[in-house]
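J.: Kindly return the folded structure for what I paste below:
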Amino acid sequence: MVIKLSKNRIDLGKEALQNAALQNYSQSSVVSNYGTLTAGQLNLSTANIFYVTLDANAIFSFKNASSGTGTEFQVFTKQGPGNYSVIWPRNVRWPDSITPTTSPVNGQIDWYTFRTTDGGVTWYGTSVASNLKALQRLFTWGYDGYGDLGLGDTINRSSPTQVGLNTWSDISAGTDFAVTIRTGGTLWTWGFNNNGQSSGASSPVQMGTLTTWSSVAGQCSYGHSGALHSDGTLWMWGYGRDYGNLGNGTNTDSGSPTQVGALTTWSSVTCNNYNSLSIRTDGTLWGWGSNVNGELGLSNATSYSSPVQVGTLTTWSSVACQMGSSTEAIRTDGTLWAWGLNSNGQLGQGDIVNRSSPVQVGTITTWSSVMNSMGNDMGATRTDGTLWLWGQNNYGQHGRSNTIDCSSPIQVGTLTTWSSVRGGADHAVGTRTDGTLWAWGLNSNGQLGQGDIVNRSSPVQVGTLSTWGKVVSGNSHIEALLS
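T.: Residues are numbered from 1 along each chain as shown. So this is what the prediction gives:
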């Protein structure tokens, strides 16, 4: 393994660690401008984040804590092929005096924090998370007028910029805010906040103290958010005063998560401007909130403040919302269905007539994923890896080198390697099966990640990396996880 070291950067294969130290225990020492990092000895004068691959049983010691002052640092250990163990210094105090053990499976990652207030005489250790499959970095770019990017300022970025540590597990975006989960199951928000939907800060702020959050909404809205706990309960917060879009039976806002009913069988949730839709583990589909354009699919225009089932089917597998008040969903038989507002042909019916109940989009039975969008366009991928978009196309967000709306699905190029797609207000972003990331459409705030503000009407690659995971989009900003 070749490790390249410089003053502020460590390059390891395709990965790059900045302001961190990495030690492989098959080596006796690594010498760099950081100083000497001897096997087992974490030199706290060189870094406050350590990424360690276990190639043998390890005995750790901590060196050069600031004398007489508080010091805090983090250690990430990655298990090797031999189920190796770690012995921590004797002066580390663990909760309930129970020393954690390393994850036994090759490649799994454990995350620890250590804190001292007396210059290292006594350390207080915490096992933050264990058995992690991978550490995911979060990158954001585009519009940052409300602190949308979580970077501690309000400066737009036209290329991906990392947010905090490599500890993110799930992400979602509202129009100008973000809701995320870290690997320890904690919930974090930032960005625009006028209804309690986020912290209002320009950098990540934890919401509450729970460590049982499992997933966030596929898309957040203009003013409300949602997430699931690991016990299958569903929670919403933010704007709810006009349409009951928090689903708790009231028309009131909430600045903290409130539970939707008492059920423990929710599997996913996504949000429109003023409503929400969710699928349960039994395959039923439920909606609540605004229904002015029939976007709840209930054959009426009545709004509801508690969940109401959409039809009687138990075969819904995924659902997505378009911020312009329309909805699309896939059933387990691979068919695609849409309903709600149809001002730009986004329902894929060859017309611009609204529908208040689900109507099938074509006759194809090979749809695999649907697109949450901040605009009036829809999109989906098929099992053959093709990508299809339709509806509004005023800035080339359909990726077909034109700006012509269409009222039925049209393929984007000829590639068969698309795995996901998300839509902003007037742009789109998608991932391919090779892990590359692509964007197109409006670029007035650098949301296409090209280092400029030039619009594109066909897909352009964002950087050169090939380990992108989940990607989501706000109005004019993008968030993406990178392994």
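J.: what ranges do the helices span in the stretch 201-350 of the chain?
T.: Counting by DSSP state H, counting those that start in this stretch, the stretch 201-350 of the chain has no helices at all.
J.: List the buried residues for the longest strand belonging to the chain?
T.: Using DSSP state E, we find that the single longest strand of the chain is strand 123-132. By neighbour count on 16 or more other CB atoms under 10 Å, the buried set for strand 123-132 is 123, 125, 127-130, 132. For every residue, glycine as well, the C-beta is placed using N, CA and C.
J.: For the most centrally placed residue in the chain, what is the enclosing helix or strand?
T.: Computing the C-alpha centroid of the chain and ranking residues by CA atoms, centre = their mean puts Ile171 first, at 1.7 Å. For Ile171, the element it lies in under DSSP states H and E is strand 168-173.
J.: pLDDT below threshold where in this protein?
T.: 1-39, 68-69 (pLDDT under 70).
J.: per-domain residue ranges of it.
T.: Following automatic domain parsing, the chain resolves into domains at 3-132, 137-482.
J.: Highest mean neighbour count across those, which stretch is it?
T.: Most buried of the domains of the chain, by mean neighbour count (mean count of other CB atoms under 10 Å): domain 137-482, with a mean of 21.
J.: Kindly check the end-to-end length of it for me.
T.: Its first and final residues considered, domain 137-482 spans 5 Å by CA to CA, to the nearest Å.
J.: Spell out, range by range, the strands that occur in the stretch 201-350 of the chain.
T.: For the stretch 201-350 of the chain, the strands defined by DSSP state E, counting those that start in this stretch cover 205-206, 213-216, 224-229, 234-238, 254-259, 266-271, 275-280, 285-289, 304-309, 316-322, 326-331, 336-340.
J.: Kindly list the main-chain dihedrals of Asp96?
T.: Backbone torsions of Asp96, given as degrees, to the nearest 10, read phi 60, psi 20.
J.: so who does Ala201 touch?
T.: Each residue near Ala201 by CB atoms under 8 Å, 6 or more residues apart in numbering is listed here: 147, 190.
J.: Identify the residues contacting the residue nearest to Thr117 when sequence neighbours are not counted.
T.: For Thr117, ignoring the flanking residues on the chain, the nearest one in space by CB to CB, 6 or more residues apart in numbering is Gly70 at 4.9 Å. With contacts defined as CB under 8 Å, 6+ apart, Gly70 is in contact with 115-117.
J.: One more: Ser67?
T.: By CB under 8 Å, 6+ apart, the neighbours of Ser67 are 119-120.
J.: mind checking which helix or strand it is in?
T.: Assigned by DSSP H and E, Ser67 belongs to neither a helix nor a strand.
J.: now the helices for the stretch 351-483 of the chain?
T.: Using DSSP H, counting those that start in this stretch, no helices are assigned anywhere in the stretch 351-483 of the chain.
J.: which helices and strands does the longest strand of the chain pack with?
T.: Under the contact criterion of 3 or more CB pairs under 8 Å, 6 or more residues apart in numbering; DSSP states H and E, strand 123-132 touches strand 92-93, strand 109-116.
J.: nearest to Arg422, of the strands of the stretch 201-350 of the chain?
T.: Closest approach to Arg422 among those is made by strand 316-322 (9.1 Å; CB to CB).
J.: Report the angle between that closest one and strand 336-340.
T.: Counting by axes from the mean of the first three to the mean of the last three CA atoms, to 10 degrees, strand 316-322 lies at 40 degrees to strand 336-340.
J.: ok, back up a step: let's have the buried residues of strand 123-132 in a markdown table, adding distance to Arg90.
T.: Shown next, in a markdown table, are those (distance: CB to CB, whole Å):
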| residue | distance to Arg90 |
| --- | --- |
| Trp123 | 10 |
| Gly125 | 12 |
| Ser127 | 17 |
| Val128 | 21 |
| Ala129 | 24 |
| Ser130 | 22 |
| Leu132 | 27 |
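J.: so which of the residues you listed comes closest to Gly379?
T.: Of all those, Leu132 has the smallest distance to Gly379: 31.5 Å, by CB to CB.
J.: Quick one: residues contacting the residue nearest to the closest one when sequence neighbours are not counted.
T.: Using CB to CB, 6+ apart and skipping residues adjacent in sequence, the residue nearest Leu132 is Ile109, 4.1 Å away. By CB under 8 Å, 6+ apart, the contact list for Ile109 reads 76-79, 103, 132-135.
J.: Nearest to Gly240, out of those residues: which one, please.
T.: Leu132 (34.6 Å).
J.: Could you verify my assumption that the closest one touches Asp110?
T.: Yes. Using CB atoms under 8 Å, Leu132 is in contact with Asp110, at 7.2 Å.
J.: what do these two both touch?
T.: Common contact partners of Leu132 and Asp110 (CB under 8 Å, 6+ apart): Ser103.
J.: related to what we said a few turns ago, which one of the strands of the stretch 201-350 of the chain lies closest to Thr363?
T.: Of these, nearest to Thr363 by CB to CB is strand 336-340, at 9.7 Å.
J.: relative orientation of the closest one and strand 326-331 in degrees?
T.: Using the same axes, to 10 degrees: strand 336-340 against strand 326-331 is 160 degrees.
J.: which residues are in contact with strand 336-340?
T.: Residues outside strand 336-340 that contact it (CB under 8 Å, 6+ apart) are 293-295, 297, 322, 325-331, 346-349, 354-362, 364, 367, 370, 378, 380.
J.: hmm, try it at 6 Å
T.: The contact list for strand 336-340, computed with CB atoms under 6 Å, 6 or more residues apart in numbering, reads 293-295, 297, 325-330, 347-348, 355, 357-358, 360-361, 367.
J.: now stretch 146-165
T.: Applying CB under 6 Å, 6+ apart, the contact partners of stretch 146-165 are 137-141, 143-145, 176, 178, 190-192, 202-204, 445-446, 449, 451-452, 477.
J.: cool, and stretch 464-479?
T.: Surrounding stretch 464-479, the residues in contact under the criterion CB under 6 Å, 6+ apart are 140-143, 148, 171-173, 175, 374, 422, 424-425, 429, 431, 434-437, 445, 447, 480-483.
J.: mind running it again at 7 Å?
T.: Residues outside stretch 464-479 that contact it (CB atoms under 7 Å, 6 or more residues apart in numbering): 136, 138, 140-144, 148-149, 171-176, 178, 374, 420, 422-425, 429, 431, 434-437, 445, 447, 449, 480-483.
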